[in-house]
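Engineer: Sharing a model that was predicted from the sequence below.
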Amino acid sequence: MSKTELMRTSLYVGGTSPARMIQSGFYHADCLVYDLEDAVSTGEKDAARFLVYNAIKYQRPKDKYILIRINGIYSSELDEDLEAAVRAQPDAIRIPKVEYAEEVARIDEKITVIEKEAGLPVGGIQIWCNIESYQGALNARDIAKASPRVVAMALGAEDFTASMAAQRTKSGWEIFYARNLVLMACREAGISAQDAVFSDIKDMDGLQRDLEMTRALGFDGKTCVHPSQIDAVNACFTPTEKEILNAQRVLDALRQAGMNHTGVCTVDGGMVDKPMEIRARTVLAKAKAAGIEVGGIVQ
């Protein structure tokens, strides 16, 4: 896993507050999302665009994956957002409310034009797609493969449940199917799967229960709306020492079996098969990306 693949946490940062943009660089989030959309009122769009451009261009936090969430695909702000965002050169642009692959392809074309005009490497800026409606969820497979720039998709639970006329609950069963649609589409496309926000920033127990579902399903990360959520989310997606040691034991057993010219081996009395090998390698890759040391060796 490369640095850009460590996407456990992405923190939304309002584009109208220079102080918050500066503070965000000191939190432990892997990814920072400078927001030009929901966090910015209509009358402040121009100011936010200017602030975000300058924050990234001249005060970019070190060792962070930087995104800009632009306004909606059909908004009057789109072209100006893209012009400023591309020239600021974040790692990625996060597109809200994506419903069709054609929308992503159109954004890709616009980004390419601006890159060429600015003399920037074509394709250097990646795309994250927010899936926030039943239509987007149904088209998730096509959206995930709509452009080589797409490296992640995230479920937006609040807008999704509104599109379904459903009630948003902390148990999250109303988004269970959508979570799986997005997750499977990401796995098929080989991109990062980002889970929905847990919006109650005071309910840490509720967040922990939500994270248990998130991790069990197989997501790679989760968006945070408040810095207080970051450490819990990071912990959810960081392998524990026990998990790392178990992964090492699985791979060691497989190596020993290979030396003995057999593909059959056991760990703690259980047969080791291909799915266990894949999980073990995934655990160690995540540990390496997080810089975790086990037994004095960086895994």
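Structural biologist: Nice, I can see it.
Engineer: At which residues are the helices of the stretch 101-250 of the chain located?
Structural biologist: 101-118, 134-138, 140-144, 157-163, 176-189, 204-217, 230-236, 241-259 (DSSP state H, counting those that start in this stretch).
Engineer: now, of those helices, which is deepest in the fold?
Structural biologist: Most buried of those by mean neighbour count (mean count of other CB atoms under 10 Å) is helix 140-144; its value is a mean of 22. (C-beta placed from N, C-alpha, C; glycine too.)
Engineer: residues contacting residue 77?
Structural biologist: 36, 45, 49, 70-71 (CB atoms under 8 Å, 6 or more residues apart in numbering).
Engineer: about what we covered before: show me the one of the helices of the stretch 101-250 of the chain that comes nearest residue 170.
Structural biologist: With CB to CB as the measure, helix 204-217 is the member of the helices of the stretch 101-250 of the chain nearest residue 170 (4.9 Å).
Engineer: Let me know the angle separating the closest one from helix 176-189.
Structural biologist: Orientation check (axes from the mean of the first three to the mean of the last three CA atoms, to 10 degrees): helix 204-217 against helix 176-189 gives 50 degrees.
Engineer: From the chain's centroid, how far away is helix 204-217?
Structural biologist: Chain-centre distance of helix 204-217: 16 Å, with CA atoms, centre = their mean, to the nearest Å.
Engineer: Which neighbouring elements make contact with that helix?
Structural biologist: Applying 3 or more CB pairs under 8 Å, 6 or more residues apart in numbering; DSSP states H and E, one finds that helix 204-217 contacts helix 176-189, helix 230-236.
Engineer: Check the gap between the residue located most distally from the centre of the chain and residue 253 for me.
Structural biologist: Distance to the chain centre peaks in the chain at residue 260, reaching 41.5 Å (criterion: CA atoms, centre = their mean). Between residue 260 and residue 253 the distance, using CB to CB, to the nearest Å, works out to 11 Å.
Engineer: With residue 174 instead?
Structural biologist: With distances taken as CB to CB, residue 174 is found 42 Å from residue 253.
Engineer: how long is stretch 112-130 end to end?
Structural biologist: Using CA to CA, to the nearest Å, one end of stretch 112-130 lies 20 Å from the other.
Engineer: Nearest residue to the middle of this protein?
Structural biologist: residue 194 (4.3 Å).
Engineer: Bridge partners for that residue, pull those for me.
Structural biologist: Under DSSP bridges, the beta-bridge partners of residue 194 are residue 154, residue 221.
Engineer: show me the residues around the nearest residue to residue 180 once chain neighbours are set aside that make contact.
Structural biologist: Leaving aside its chain neighbours, residue 180 sits nearest to residue 217 (6.9 Å; criterion: CB to CB, 6 or more residues apart in numbering). By CB under 8 Å, 6+ apart, the residues touching residue 217 are 179-180, 183, 195.
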